[in-house]
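**Student:** Any chance you can model this:
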Amino acid sequence: MGLSGSGVALLLVFLGLCTAVSSWTPPPPEMLHESFAGKSEFRTVNRRSLGVCSKPSPYLAISVSTGGAPLPDEAFVRVTVAGVLRPDADDWVAMITPSNYSSVSRCRLSGENYVQTGDLAHLPLLCHYPVKAQYLRHDPGYLGCKTAACQKRDASGACSVRTCAATLTFHVVNFRTDVEFVLFSGGFRTPCVLQRSGALRFANPASPLYGHLSSTDSTATSMRLTWVSGDRRPQQVQYGVGKSATSQVATFTQNDMCSSPLLPSPAKDFGWHDPGYIHTAVMTGLQPSQSYTYRYGSDSVGWSSTNKFRMPPAAGSDETSFVIYGDMGKAPLDPSVEHYIQPGSISLAKAVAKEIQTGKVDSVFHIGDISYATGFLVEWDFFLNLIAPVASRVPYMTAIGNHERDYAESGSVYVTPDSGGECGVAYESYFHMPAVSKDKPWYSIEQGSIHFVVMSTEHKWSEMSEQHKWMNQDLSSVNRSRTPWVIFIGHRPMYSSHVGIPANVDPIFVASVEPLLLKYQVDLVFFGHVHNYERTCAVYRSICKGEPKKDASRIDTYDNSKYTAPVHAIVGAGGFSLDKFPKIVLNKWSLSRVSEFGYARVHATRGDMLVQFVSSNTMEILDQFRIVKPDPARRLRNQPVQP
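**Tutor:** Take a look at the predicted model:
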């Protein structure tokens, strides 16, 4: 999600520009302070007019701790700025890629290109968005000149010109294009360029990186691996004992990004970054619940380290476990500011990695608002790097959200600029799900005792739509003897106590899709979009049809032996700044509410499903409930044979 009151105003501006530019009147400045696609002050820096620094120090120099060597695939580099005559609290350093994008010589002069981001300046600071930035004052000795050097001495030998220095640490991953560190003064509001480091290149821009897994079907005999490289030639995944599979190679370009004819999107313009080449290969001949080692790459570009993963159980087996969350995104691993930071994402990634290490997690479901790149394509690399310890070891299954898909004139249900012009292209390129087809990212898959239905809340879901017909057909075909549990997954919720602007719940969506859940006796529904955790009673049309009772362990237990309605759970607390609940909640269907970063841990046998909401900061269980019902297969087996 990630929308505020000023965001609504800006959305109206965006829609107005798309339909009637000639009649558009700029909103007042206070409505433009917060960007619709980003939150931080740094978010608008590249729409600032570039000032001229007065009398820059002739001694300025920027050095990077690589010692002249190329950058590795991932590093924490120390950037030292020296030769500063007068340290200022507004001095800052930006990391820019590609390095030539720190020039302003070829920037467009049209402020309208940037209006959707919340700023109306006529000249951008940079032709390309800075990846990240830090103020030099983050070095505690900078303003007091604790690190000083003498540049000139007088006849007596006393220092007549003293300069100051600062050192900052930047986290860098291999995004295949060279990097430049640029020193600015004037803060983010009135910046001017003081010094550039010159280009730093990666040792191997073609490195195979960020391998992540996804299930292909319900048999648990094959697994897809997707990775990124700067090399367009097919590569291989080598796995098991002497097996290999050759990759299919794809990419996308600026021409694939969405944009309004009158208003270029970030993805189409200053947020663009070449994604390199996306490789995908399917490992076949595998066995359910078995572990395998693998590596990927080629002799010409190098190989990844050897990884290990475990296959999930096949459909119809007795039990399974998974982790589920939404709205994760990413945050810098250094003190930098970046576009659209999700503060809880790092703790969640670490906590889920610990869950994976127990060997008790069969898969992960990330249900929308994946990276929050929103048109700033380099941020996908940081996100893929962040989830690698998880996604390289178990299948990382996803659902599409508004920040992956929505954009004006793109066919999205909700006409907002939330994807920054990506329109699902980047998402579907990086995350290959067993979807119906391109730009139809809904799918179902079975694992153990569960049939999962994963929909897109951003594509048409009305009764006559292709997706609605697919959902109806898929739900009607579930074999409850094989998979007694049905879990329905999407991004935007049907029930939420948080009051959002615009509303978090679309009543038309609820009216169209909720009847399917009741008709086919869906047991449990997971949604994200709202950045908290909330659990309902067994609810239909806002009326509680069934209430849980405490079991012997004092855990809320829903008895589905006599089915009444689905239980809904919002798990959108994966990383984005949390949404608070109102002090008084009048909804009778809302039973549990937690506004803390976390994820749901689910374990299902054939007759019992335990759901626990876990704090990603402490790994403490903050809410838990179970759903129970007789195993239909066992009931059939115990029936007497009729003469």
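**Student:** what residue ranges in this protein score low on pLDDT?
**Tutor:** 1-44, 46-49, 101-128, 633-643 (pLDDT under 70).
**Student:** Tell me who's in contact with the spatially most central residue of it.
**Tutor:** The residue lying closest to the centre of the chain (C-alpha atoms, centre = their mean) is residue 371, at 2.0 Å. If you count contacts by C-beta atoms under 8 Å, 6 or more residues apart in numbering, residue 371 has them with 329-330, 379-380, 382-384. Heads up, the C-betas are built off the backbone N, CA and C, glycines and all.
**Student:** Ok, residue 442 next?
**Tutor:** So residue 442 contacts 435-436, 454-456, 459, 467, 470-471 (C-beta under 8 Å, 6+ apart).
**Student:** make it 10 Å
**Tutor:** The contact partners of residue 442, taken as C-beta atoms under 10 Å, 6 or more residues apart in numbering, are 399-400, 433, 435-436, 453-457, 459, 461, 466-467, 470-471, 474, 489-490.
**Student:** got it, and residue 253?
**Tutor:** With contact set as C-beta under 10 Å, 6+ apart, residue 253 has these partners: 272, 274-275, 425.
**Student:** What would stretch 617-636 look like as CSV? C-alpha coordinates only.
**Tutor:** The C-alpha trace of stretch 617-636 is given here as CSV (Å, rounded to 0.1, in the frame of the first residue of the first chain):
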residue,chain,number,x,y,z
ASN,A,617,12.2,-8.3,15.8
THR,A,618,11.9,-10.8,18.7
MET,A,619,10.5,-13.9,17.0
GLU,A,620,7.8,-13.9,19.8
ILE,A,621,4.4,-15.3,18.9
LEU,A,622,2.0,-12.3,19.1
ASP,A,623,-1.2,-14.1,18.0
GLN,A,624,-2.1,-17.6,17.2
PHE,A,625,-5.2,-19.6,16.2
ARG,A,626,-6.0,-23.0,14.8
ILE,A,627,-8.7,-24.4,12.5
VAL,A,628,-9.7,-28.0,12.9
LYS,A,629,-12.0,-30.4,11.0
PRO,A,630,-12.2,-34.1,10.4
ASP,A,631,-9.9,-35.5,7.7
PRO,A,632,-12.2,-36.4,4.8
ALA,A,633,-9.8,-39.1,3.5
ARG,A,634,-9.7,-40.8,6.9
ARG,A,635,-13.5,-40.6,7.1
LEU,A,636,-13.8,-42.3,3.8
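**Student:** Counting neighbours, which bits of that stretch end up buried?
**Tutor:** Neighbour counts over stretch 617-636 (16 or more other C-beta atoms under 10 Å) mark 623-627, 629, 631-633 as buried.
**Student:** May I have the strands that pair with the strand of greatest length in the chain, each with its orientation?
**Tutor:** In the chain, taking DSSP state E as the definition, the longest strand is strand 159-173. Sheet pairing of strand 159-173 (DSSP bridges) gives strand 74-84 (antiparallel), strand 148-153 (antiparallel).
**Student:** circling back to that earlier point, now the contacts of residue 442: which count as buried?
**Tutor:** Among these, those buried by neighbour count (16+ other C-beta under 10 Å) are 399-400, 433, 435, 453-457, 459, 461, 467, 470-471, 474, 489-490.
**Student:** follow-up on the earlier one: can you tell me which of the strands paired with strand 159-173 is packed in deepest?
**Tutor:** The highest average neighbour count among those, using mean count of other C-beta atoms under 10 Å, belongs to strand 74-84 at a mean of 18.
**Student:** Okay, and residue 469 sits in which element?
**Tutor:** Per DSSP states H and E, residue 469 falls inside helix 466-476.
**Student:** Can you name the residues in contact with that helix?
**Tutor:** The contact list for helix 466-476 (C-beta under 10 Å, 6+ apart) reads 436-437, 440-444, 451, 453, 455-457, 459-463, 465, 486, 488, 490, 512-513, 515-517, 519-522.
**Student:** from those, which ones fall inside strands?
**Tutor:** Reading strands off those with DSSP E, I get 443-444, 451, 453, 486, 488.
**Student:** quick revisit: now tabulate the buried residues of stretch 617-636 in TSV and tack on distance to residue 611 and secondary structure.
**Tutor:** Formatted as TSV, those follow (distance: C-beta to C-beta, whole Å; DSSP: H, G, I helix; E, B strand; the rest coil):
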residue	distance to residue 611	secondary structure
623	8	strand
624	7	strand
625	6	strand
626	7	strand
627	8	strand
629	14	coil
631	18	coil
632	21	helix
633	22	helix
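**Student:** Let me know the closest of those to residue 134.
**Tutor:** residue 623 (37.9 Å; C-beta to C-beta).
**Student:** what's the span of stretch 321-336, first residue to last?
**Tutor:** The straight-line separation of the ends of stretch 321-336 (C-alpha to C-alpha, to the nearest Å) is 36 Å.
**Student:** can you check stretch 134-147 too?
**Tutor:** From its first residue to its last, stretch 134-147 covers 18 Å (C-alpha to C-alpha).
**Student:** which other residues reach that stretch?
**Tutor:** With contact meaning C-beta under 10 Å, 6+ apart, stretch 134-147 is reached by 42, 79-82, 84-95, 148, 162-170, 183-185, 187-188, 332, 334-337.
**Student:** Now it: buried residues?
**Tutor:** Residues of stretch 134-147 classed as buried by neighbour count (16+ other C-beta under 10 Å): 134-139, 142, 145, 147.
**Student:** Looking at these, which are in strands?
**Tutor:** The members of the buried residues of stretch 134-147 that map onto strands under DSSP E are 134-135.
**Student:** Which one of the buried residues of stretch 617-636 is nearest to residue 411?
**Tutor:** In terms of C-beta to C-beta, no member of those lies closer to residue 411 than residue 627, at 36.2 Å.
**Student:** Do I have it right that that closest one meets residue 521?
**Tutor:** No: contact between residue 627 and residue 521 fails when scored by C-beta atoms under 10 Å: they sit 11.7 Å apart.
**Student:** list residues touching both of the two?
**Tutor:** The overlap between the contact sets of residue 627 and residue 521 (C-beta under 10 Å, 6+ apart) consists of 560, 566.
**Student:** just to revisit the earlier point, relative to residue 51, which of the strands paired with strand 159-173 is closest?
**Tutor:** Nearest to residue 51, of the strands paired with strand 159-173 and by C-beta to C-beta, is strand 74-84 at 17.8 Å.
**Student:** With just CA atoms, put the following helix or strand past the closest one into PDB.
**Tutor:** Once the chain leaves strand 74-84, the next helix or strand it forms, by DSSP H and E, is strand 92-96. Extracted C-alpha coordinates of strand 92-96, given in PDB (Å, rounded to 0.1, in the frame of the first residue of the first chain):
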ATOM      1  CA  TRP A  92      26.600  15.000   1.400                       C
ATOM      2  CA  VAL A  93      27.700  12.200  -0.900                       C
ATOM      3  CA  ALA A  94      25.500  10.400  -3.400                       C
ATOM      4  CA  MET A  95      26.200   7.000  -5.000                       C
ATOM      5  CA  ILE A  96      25.200   7.100  -8.700                       C
END
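**Student:** Throw the strands paired with strand 159-173 into JSON lines and include distance to residue 352, thanks.
**Tutor:** Output for the strands paired with strand 159-173, formatted as JSON lines (distance: least, C-beta to C-beta, whole Å):
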{"stretch": "strand 74-84", "distance to residue 352": "20"}
{"stretch": "strand 148-153", "distance to residue 352": "46"}
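**Student:** So which of those is nearest residue 344?
**Tutor:** strand 74-84 (21.7 Å).
**Student:** about what we covered before: could the buried residues of stretch 617-636 go into CSV alongside distance to residue 245?
**Tutor:** Converted to CSV, the buried residues of stretch 617-636 look like this (distance: C-beta to C-beta, whole Å):
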residue, distance to residue 245
623, 42
624, 40
625, 41
626, 40
627, 39
629, 40
631, 37
632, 38
633, 35
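**Student:** Most widely separated two among the residues you listed?
**Tutor:** Spanning the widest gap among those are 623 and 633, at 30.0 Å by C-beta to C-beta.
**Student:** Could you pull out the strands in the stretch 301-450 of the chain for me?
**Tutor:** Along the stretch 301-450 of the chain, counting by DSSP state E, counting those that start in this stretch, strands occupy 302-303, 307-310, 320-325, 363-367, 396-399, 443-447, 450-454.
**Student:** Those strands into CSV, with extra columns for distance to residue 206?
**Tutor:** Formatted as CSV, the strands of the stretch 301-450 of the chain follow (distance: least, C-beta to C-beta, whole Å):
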stretch, distance to residue 206
strand 302-303, 8
strand 307-310, 19
strand 320-325, 33
strand 363-367, 28
strand 396-399, 24
strand 443-447, 32
strand 450-454, 33
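**Student:** I appreciate the help and will end here.
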